[in-house]
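K.L.:
sequence plus predicted model, see below.
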Amino acid sequence: MIGGAAALPGVMLVACGGAQPGSTDAPKAQSAGPVKLVQLSRRAGGTEALTLQQKVMDDYKKVAPNVTVEVVPGTVPQEQLVVRHAGGDPVDFVENDWGVWVDLADGKVIEDLSPLFTRDKVDANAFLGEALTSYTYQNKRYAMPVSMSVDGLWYHDDLFRASGVTLPPQDPNDKTWTLDKFMDTARRLSKPGQQYGFGGSYNCFGTLGVTDGTYFGQRAWDDAKLKAQMDTENFRKGAQFWLDLQWKQQGIWPTASELEQIRQQPNQAAHITGKVAMNVICSIPPKDQMPFKWGMAALPSSGTGKNISGRMYPHALHMSAGSKNKDTIWQLFRWLTKTENASRYPEVAGHSVSPIKGGSDAIQKLRKEQYGVDLSVLLKNAETQIISGQGMLKYAGWKNVNDEIGKRHTDEFKQNKLSVGDWVKLANEAFDRLLAPKK
């Protein structure tokens, strides 16, 4: 089930008196001798991110001197995971930042961690929003969240002040920050041919438009019922709003040719040009690419409940089902999710939020030192945002849906050649038929 921290069969969820994710009362690793763990990484060799990742694992030796972790660089770790498992040479764990993983659970390539969560009385309420439930399948936990990519509304502070426009709010629960208010703000910040109120990115996962409805409080998918929800009133409102903003509100959202004119270099992101006032982003470019004052704010919402606009994606660690060092791996997972260590992995992943409540202090402090910007609004956004794909990405059937209707979304719907009503009916039927087997 997507959403909240509802108790799962076979998994004990305790209140504040229970063990935190990385509590020091966790059982010690069973092996007293030297243990070598192998982690598959998505990060390429020779990169700063890989160096940071290996340093985190090396620092673990301070509390577990008998454990050595080798981080193996790569680009498609899920394929390496399967190949080594099938060949009888399994790795120990891998970081999921790619999506589809239900096939790995069904094939018993990754371990069900539910018994360990139960044994150690891990408190599900210690995790932000849907970070933990994002890796739940058939009432079993298959990963430990360690970092979060979170959507936020980036804004060009200097352009706002020069135009005398009030900065967007920091509180996602500010009910005055509606889509209409957002559009009016973008219009006031636009000077056709010179600067644009909005850069064209309203989430960090635009595939098949599944995030469109979140701005009106509507999910695209009910994972408990395995049922698409795109052909609904509020989802249609979201899809229509963004389509109209692009095609009917001239001068607010730059066309491809207008964007090309304001770029200083090829393929430069809209918000880096210095000519765009607002854009939704989830990763921060190097400081030297934005030599102007900027900030991060809440995403607008016209929904009636909690602000679920945009999306987040928790990176998480899968334990290999073939590993012979499972308890040792689990202790490492617990160490990474102790509040004093929980900012380590977000730094590796280039994020600014830990999925552990109270675990983002160090990474938020580091980002403030690096950029001079308060990013605490991302923590607030993460509390209510839904995972990328809203639970659909974990299914192998996601590729089947995308193969069937992906081009129709980009070439017809996004080009204003297919109506919202026709698109959502088409998408709803495809998701219901192809995404996930109904057991």
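P.N.:
Yep, that arrived. Residues are numbered from 1 along each chain as shown.
K.L.:
element containing the residue positioned nearest the centre of the chain, please.
P.N.:
Nearest residue to the geometric centre of the chain (Cα atoms, centre = their mean): Tyr313, 1.6 Å. Using DSSP states H and E, Tyr313 falls within strand 312-319.
K.L.:
could you chop this protein up by domain?
P.N.:
Using automatic domain parsing, the domains assigned to the chain come out as 35-149+311-389, 152-310+396-434.
K.L.:
ok, what's across the strand from Met144?
P.N.:
Counting by DSSP bridges, Met144 forms beta bridges with Leu317.
K.L.:
so how far is Val353 from it?
P.N.:
Noted for Met144: a distance of 16 Å to Val353, by Cβ to Cβ, to the nearest Å. No exception for glycine: its C-beta is placed from N, CA and C like everyone else's.
K.L.:
show me where this protein has strands.
P.N.:
According to DSSP state E, the chain carries its strands in the segments 35-40, 67-72, 93-96, 136-137, 140-141, 144-150, 152-156, 221-222, 227-228, 278-281, 294-297, 312-319.
K.L.:
tabulate the domains of the chain (a markdown table), appending mean pLDDT.
P.N.:
Converted to a markdown table, the domains of the chain look like this (pLDDT from 0 to 100):
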| stretch | mean pLDDT |
| --- | --- |
| domain 35-149+311-389 | 95 |
| domain 152-310+396-434 | 96 |
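K.L.:
give me the neighbour count for Asp422.
P.N.:
12 (other Cβ atoms under 10 Å).
K.L.:
er, Val100 I mean
P.N.:
Each residue near Val100 was counted by other Cβ under 10 Å, and the total is 17.
K.L.:
what does the one 10 residues further on give?
P.N.:
Counted with other Cβ under 10 Å, the neighbours of Ile110 add up to 27.
K.L.:
can you name the residues that contact the closest residue to Gly303 other than its chain neighbours?
P.N.:
Once flanking residues are discounted, Gly303 sits nearest to Gly217: 2.3 Å by Cβ to Cβ, 6 or more residues apart in numbering. By Cβ atoms under 8 Å, 6 or more residues apart in numbering, the contact set of Gly217 is Asn234, Ser301, Ser302, Gly303, Thr304, Gly305, Lys306, Ile308.
K.L.:
now which of those residues would you call buried?
P.N.:
Taking 16 or more other Cβ atoms under 10 Å as the criterion, what is buried in the contacts of Gly217 is Asn234, Ser301, Ser302, Gly303, Ile308.
K.L.:
and of those residues, the nearest to Asn428?
P.N.:
Distance to Asn428, by Cβ to Cβ, is smallest for Asn234 among the buried ones among the contacts of Gly217, at 13.7 Å.
K.L.:
just checking, that closest one touches Phe216?
P.N.:
Yes - look at Asn234 against Phe216 with Cβ atoms under 8 Å: they come within range, at 4.1 Å.
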